[in-house]
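[1] here you go, sequence then predicted model.
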Amino acid sequence: MRYPLLGISMAANALDRQLTELEASRYRFGRNQAARVVKLLNRLNAARFPDPASLIRFHEALLFLRAFPQGPAVVRVTERILNSFHKKVEALRKAGNDMDDFEPIEVSGIAGTQMEDTLSFDVANWLIKRMPNRVEIAWENYDPGRELGTTGPRFMTLLEDDAHVEADTPWRRWLETAAGKKGSDRAWLVPTWLVQRFADLPLPPNQKAELYESLRVPLRWNLGNSAVTRTRNWKPVRNVFYHSEPLITRSEVSLAGELARRPPQLTRLSRQQGEQVMDMIREVMLVRYRELYGTTLGDPASVVRAEVHAEVRADLGSREAGRGVSIHLWNLPPDRRLPLRAYVAGLTLKNGVPVNYVEAIGLCEWMEVGFNTFYTFRGGEAGWIYAQVLRCLCHLMGTTCVSVYPYQLGHDNEEAIESGAFWFYRKLGFRPGRADLQRLAEREEGRIAADSKYRTPPRTLKRLASGHVFYELPGSEVGAWDRFSTRNIGLRVNRRMARDFGGDAVLMRERSRRALERVLGISTSSWTPLEKAAFENFALVLADVPRLRAWTQEEKEDLVRIIRAKAKPDEMLYLHLTQRHGRLRRAFLTLGS
């Protein structure tokens, strides 16, 4: 007698055992380990996957092994399987599986799947050009209403006669008619036409974005076997680093030691190479449902790259090699910069595979940094790579005080609480900026030392995550930036606007500009528009600085150079100049605390 259900169960158990073995092999090294991994990969590649969960496990293990391979054969086999992975996804779809399992942010972006998101104008414009004829509007999730009635007449003639007085305006019909759509197979025409209309508006880029994003258009695109997937957005590299020894653990990392090493060499890329990096980071973020200001709007002319190496130590053996890690950093273009702080974003590749991204925002010698290792690679030398990213950032930005904001630690971030993110930073040497949180951290450390089984409860981790943590390099003024926030400066300026200018921002900017010109004894009439905007931003802030007239002539001239540098091609010049102006630094600290 045959028992078909029993046979299916036995096959599923066998598949689960093989996947568990593959996942464990990611951290096994030594003689013949590469051959064992290749044999297991080939066996799993030939298996039938009955559900998305098991296929996702296979996918994540493949990506990890492509980034941390034990040998050349592992790279060849993982690439071969990943390049045809979309067929396995399609087989599940044809078998009637629920494809929703591929949608969570932790696993999104796999080849052969579909994605849907409401994107910023700049990303939507880039995506439509990057994936032509694949992007459509998710109409079942979209009812534009008044927003399109207000904005749409810019592109659709006589729309007002319908939108302003009728209760049942057929928005989709209007858009499809204007776009020239004919037939259900040309759904991509509407978003392509719509985005292009905004791109053609005779307005500054930020205003185009503001208008488009007010419509909240949900876009849907099929990834297929495109390189714009997590499955295939790794890049071939000449010199792959093969792992023959255990990975570097966080406990082996001395942040003080790493930051004391000779700075890494930062190589500026050509604009064409920079454009390629910008395309890659947009791909990387898009398929993970993420978008940062600097990954969307990075300046391709500013990209620098570092090939980082492990410290040469006898007890680390082959770990003194380059380890296949390259870090790319870039700034914002002059017309999209922040008013006061300088911005740097970055991407780390491990053997050509994107493993994390970074965002750093600085003023004077202080830098606030966000670092995110992608889910797939959180068991892969995250502590050592983080230290290398900080080495690059501190060298590029001139930073001596590093701050981590509460979200990274777990404030309103359950994932960070579950992973104990606070202790990742604490064990690297970061200290809480608030005295009460420093005492709490020390009490918890005492409990951990007294009981090896003790784990800090989530409730306590949330308290620890309620404030910034700091790491000061030698020579930095300890505690100087503990209470600083540019938000405090912004709110202070807005309180004065409400009190003294009746809430009129235009009037406030004009009078503040004139006042600062008188104090500095200059005229900005011949300055460029970007320089004038920077001057007005500083004027708003410096109006609250007492005894500004008493600054020396040299200090005033240096201030003018700083303001004009905000609009120059290299924003790092601006940041480095703020580090040399002691009086301006003290003013920022006073206003922002």
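    It's in. Note that the coordinates shown come from a computational prediction; the quantities given were computed from them, not determined experimentally.

[2] all strands for the chain, in order.
    Using DSSP state E, the strands of the chain run over residues 114-118, 135-137, 218-222, 267-268, 304-307, 325-330, 342-350, 353-363, 366-373, 401-404, 431-432, 469-472.

[3] what's the first one packed up against?
    The one in question is strand 114-118. Applying 3 or more Cβ pairs under 8 Å, 6 or more residues apart in numbering; DSSP states H and E, one finds that strand 114-118 makes contact with strand 218-222. Every residue, glycine included, has its C-beta placed from N, CA and C.

[4] give the rounded mean pLDDT of the strand it packs on.
    Along strand 218-222, the predicted local confidence has a mean pLDDT of 96.

[5] counting by contacts, list what it packs against.
    Secondary structure elements in contact with strand 218-222, counted by 3+ Cβ pairs under 8 Å, 6+ apart, are strand 114-118, helix 121-130, strand 135-137.

[6] can you redo the ones you listed as CSV with mean pLDDT?
    Putting the helices and strands packed on strand 218-222 into CSV (pLDDT from 0 to 100) gives the following:
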stretch, mean pLDDT
strand 114-118, 96
helix 121-130, 96
strand 135-137, 95
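
[7] ok, which of those comes nearest residue 24?
    strand 114-118 (31.0 Å; Cβ to Cβ).

[8] okay, how far is it across stretch 231-247, tip to tip?
    Across its full length, stretch 231-247 reaches 23 Å end to end, with Cα to Cα, to the nearest Å as the criterion.

[9] just put the strands of the chain in TSV and tack on mean neighbour count.
    TSV is the format used below for the strands of the chain (neighbours: other Cβ atoms under 10 Å):
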stretch	mean neighbour count
strand 114-118	17
strand 135-137	21
strand 218-222	18
strand 267-268	12
strand 304-307	20
strand 325-330	24
strand 342-350	25
strand 353-363	24
strand 366-373	21
strand 401-404	24
strand 431-432	22
strand 469-472	23
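
[10] so can I have a markdown table of the helices and strands packed on strand 218-222 showing distance to residue 508?
    Written out in a markdown table, the entries for these read as follows (distance: least, Cβ to Cβ, whole Å):
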| stretch | distance to residue 508 |
| --- | --- |
| strand 114-118 | 33 |
| helix 121-130 | 28 |
| strand 135-137 | 40 |
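
[11] the ones you listed: which one's closest to residue 577?
    Shortest distance between residue 577 and those, using Cβ to Cβ, is found for helix 121-130: 28.9 Å.

[12] ok, residues contacting that closest one?
    Helix 121-130 is touched from outside by 119, 135, 191-192, 195, 198-199, 205, 208-209, 212-213, 217, 219, 221, 228, 279, 282-283, 286, 291, 296-297, with contacts defined as Cβ atoms under 8 Å, 6 or more residues apart in numbering.

[13] in helices, which of these appear?
    Members of the contacts of helix 121-130 lying in helices (criterion: DSSP state H): 191-192, 195, 198-199, 205, 208-209, 212-213, 279, 282-283, 286, 296.

[14] number of residues surrounding residue 65?
    The local packing count at residue 65 equals 25, with neighbours defined by other Cβ atoms under 10 Å.

[15] go ahead and confirm it touches residue 78.
    Yes: Residue 65 is within contact range of residue 78, at 5.2 Å (criterion: Cβ atoms under 8 Å).

[16] okay, and the common contacts of those two?
    With the criterion set as Cβ under 8 Å, 6+ apart, the overlap between the contacts of residue 65 and residue 78 is residue 41.
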